[in-house]
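Student: this one's sequence-less:
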């Protein structure tokens, strides 16, 4: 299964010349200089989705007291715009994989610090599924710009959240409503902060989406992986209804080993229909 967004450690630095420092100006003191190795400099092409941000640069931008300070950190050598440009790399190189999601956040693009925005580009292969997940710190607005995606959003329903209340009807078990839509031709969908959602490509052709976030550090929670990760077996069994024929410790152990950590996986029935699997 494809492992997505594998980040190579490339420390970022502002300077384009040898041994150029990162300078953070304070209004009431001398400039603070962060010196870093010259091999850490970004290329003229800017940053990309395979990089990690320099701790020194992140610290300097986080501490910028004014836009003048921020500008002095980001633009040390005009007209060079390397520190505010970003490339979303398509790491999808193997047929039969779900695809890749290239992220631009504070972790790999320091210029986003203090802006409250982030972005993603999804390269979704035929039959690829962006697995059910949520973003704990951001709303997401996703738009398809090539191909077709089916998108789903699990609604927030808290019926029975007070437990079994005397004199009230017993809660009825059952599925939570799901909102679904087909996205294509520049059609977009809003996924509210913290809500579980997914997208998958039901076709035999690639799809491409862009997604904007209203946080520069939106985060991502993989629903299946988080649920079965490290909670005690008895808690998981009770949460699933305490039916050992449905879920027991042995099945939980199997789930833990098999649930992929990839952002995108292949929907097997679709892949068979498209001739992608034997």
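Tutor: Perfect, I can see it now. Predicted model only: the values in this text are computed from it and were never measured.

Student: gap between residue 199 and residue 92?
Tutor: Between residue 199 and residue 92 the distance is 15 Å, computed by Cβ to Cβ, to the nearest Å. For the C-beta atoms, the positions are set from N, CA and C on the backbone; glycine is no exception.

Student: So the two - more neighbours on which side?
Tutor: residue 199 (27 against 21; other Cβ atoms under 10 Å).

Student: Look at the nearest residue to residue 187 once chain neighbours are set aside and say how many residues are nearby.
Tutor: In this structure, residue 187 finds its nearest non-sequential neighbour in residue 144, 6.1 Å apart by Cβ to Cβ, 6 or more residues apart in numbering. For residue 144, the number of neighbouring residues by other Cβ under 10 Å comes to 25.

Student: From here on, call the first residue 25.
Tutor: Sounds good: first residue 25 from here, last item residue 168.

Student: and residue 168, that's in a helix?
Tutor: No - the assignment for residue 168 (DSSP: H, G, I helix; E, B strand; the rest coil) gives strand, which keeps it out of a helix.

Student: from memory it sits against residue 227, does it?
Tutor: No - using Cβ atoms under 8 Å, residue 168 makes no contact with residue 227, being 11.5 Å away.

Student: What ranges does the stretch 75-224 of the chain have for its helices?
Tutor: Ranges of helices in the stretch 75-224 of the chain, per DSSP state H, counting those that start in this stretch, are 79-86, 91-98.

Student: which of those has the lowest average pLDDT?
Tutor: Of all the helices of the stretch 75-224 of the chain, the minimum mean pLDDT falls on helix 79-86 (a mean of 92).

Student: how about that one: buried residues?
Tutor: Along helix 79-86, these residues count as buried under the neighbour rule (16 or more other Cβ atoms under 10 Å): 80-82, 84-85.

Student: Switch these over to a markdown table; also include distance to residue 157.
Tutor: Below are the buried residues of helix 79-86 laid out as a markdown table (distance: Cβ to Cβ, whole Å):
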| residue | distance to residue 157 |
| --- | --- |
| 80 | 31 |
| 81 | 28 |
| 82 | 25 |
| 84 | 32 |
| 85 | 28 |
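
Student: Which single one of the residues you listed is nearest to residue 155?
Tutor: Nearest to residue 155 among those is residue 82, at 28.7 Å by Cβ to Cβ.
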